[in-house]
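K.L.:
Need a 3D model of the following:
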Amino acid sequence: MTASSNDLPLSEGLPLEEADVWVREDRRALGLALSSPDDFGEDEPENFEELILDDDIADRLEDGIAVHTEKRVGRQRRIHAITDLPFTADQLWQILTDYDNLASFIPNLTRSRRLSHPDGGIRLEQVGSQRFLNVSFCARVVLDAVETFPQELTFSLVEGDFRQFEGKWRLEPLTGASPRTRLSYDLLICPPRAMPAGLIERHIRKDLIRNLHAIGERAAVLFGAS
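P.N.:
Next comes the predicted model:
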């Protein structure tokens, strides 16, 4: 049994007074194609939970997790999320690289296992489960991962049910009296034509918020709540 996020303040994430600053700064860092990329102007909204910049780009702040989604060329989507967790980068790294056990605590991940790699690298098979319009759907990917301990974990698609699925985890230790790490996830995805791209994007965004909370809860179980 994992600890509930309602009981432990594990994923407080970015302080509310700083979260809107992060959304604006990250938007610029990702180089979004906005007509005024440096500022919204005088009409800048205060509520980032329901911020819609245009039909292609959306930023959200939910439960201390800042999520950015962007429509790219064709059916390609980019999804980026970031939060702060009260654990060291080494502790979170242990969780992210526990490949064979990820499905035991990550929501909607029904299988995760390490496969043999022809060149001795890291190859993973993962299967996710979703429900679209009351119909169960499973998607399988085989990924090659590259570890840069303990700062970055990148992954790219070898085969699977998506045309493109690649991205990275990043871990940035934060200064302060107690351990704290900024954890971010950046995904570039292109679903096949049989999958509605917008629906896939929304489900992945929601799952990503749940997954980041699950990582914090897993860390609390393994290392104790901070």
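
K.L.:
Going by C-alpha atoms from here, please, whenever you check contacts or count neighbours.
P.N.:
OK.

K.L.:
SS state for the residue minimising distance to the centre of the chain?
P.N.:
Nearest residue to the geometric centre of the chain (C-alpha atoms, centre = their mean): Tyr185, 3.9 Å. Secondary structure assignment for Tyr185 (DSSP: H, G, I helix; E, B strand; the rest coil): strand.

K.L.:
in the sheet, who's paired with it?
P.N.:
Ala81, Trp169 (DSSP bridges).

K.L.:
burial measure for Pro191, as a count.
P.N.:
Using other C-alpha atoms under 10 Å, Pro191 is surrounded by 19 other residues.

K.L.:
I figured the residue nearest to the centre of the chain hits Gly167, correct?
P.N.:
Yes. Assessed by C-alpha atoms under 8 Å, Tyr185 is found in contact with Gly167 at 7.5 Å.

K.L.:
Can you check which helix is longest in this structure?
P.N.:
Taking DSSP state H as the criterion, the chain has its longest helix at helix 197-223.

K.L.:
The strand or helix carrying Gln130 - contacts with which helices or strands?
P.N.:
Assigned by DSSP states H and E, Gln130 belongs to strand 122-132. Packing contacts for strand 122-132, counted by 3 or more C-alpha pairs under 8 Å, 6 or more residues apart in numbering; DSSP states H and E, involve strand 109-115, strand 135-148.

K.L.:
and those strands, which is most packed in?
P.N.:
Of all these, strand 109-115 has the most neighbours on average by mean count of other C-alpha atoms under 10 Å, namely a mean of 18.

K.L.:
Quick one: distance of stretch 67-81 to the chain centre.
P.N.:
12 Å (C-alpha atoms, centre = their mean, to the nearest Å).

K.L.:
can you offset everything so residue one is 493?
P.N.:
Yep, numbering from 493; the last one is stretch 559-573 now.

K.L.:
List the buried residues of it.
P.N.:
Residues of stretch 559-573 classed as buried: 559-563, 567-573 (neighbour count, 16 or more other C-alpha atoms under 10 Å).
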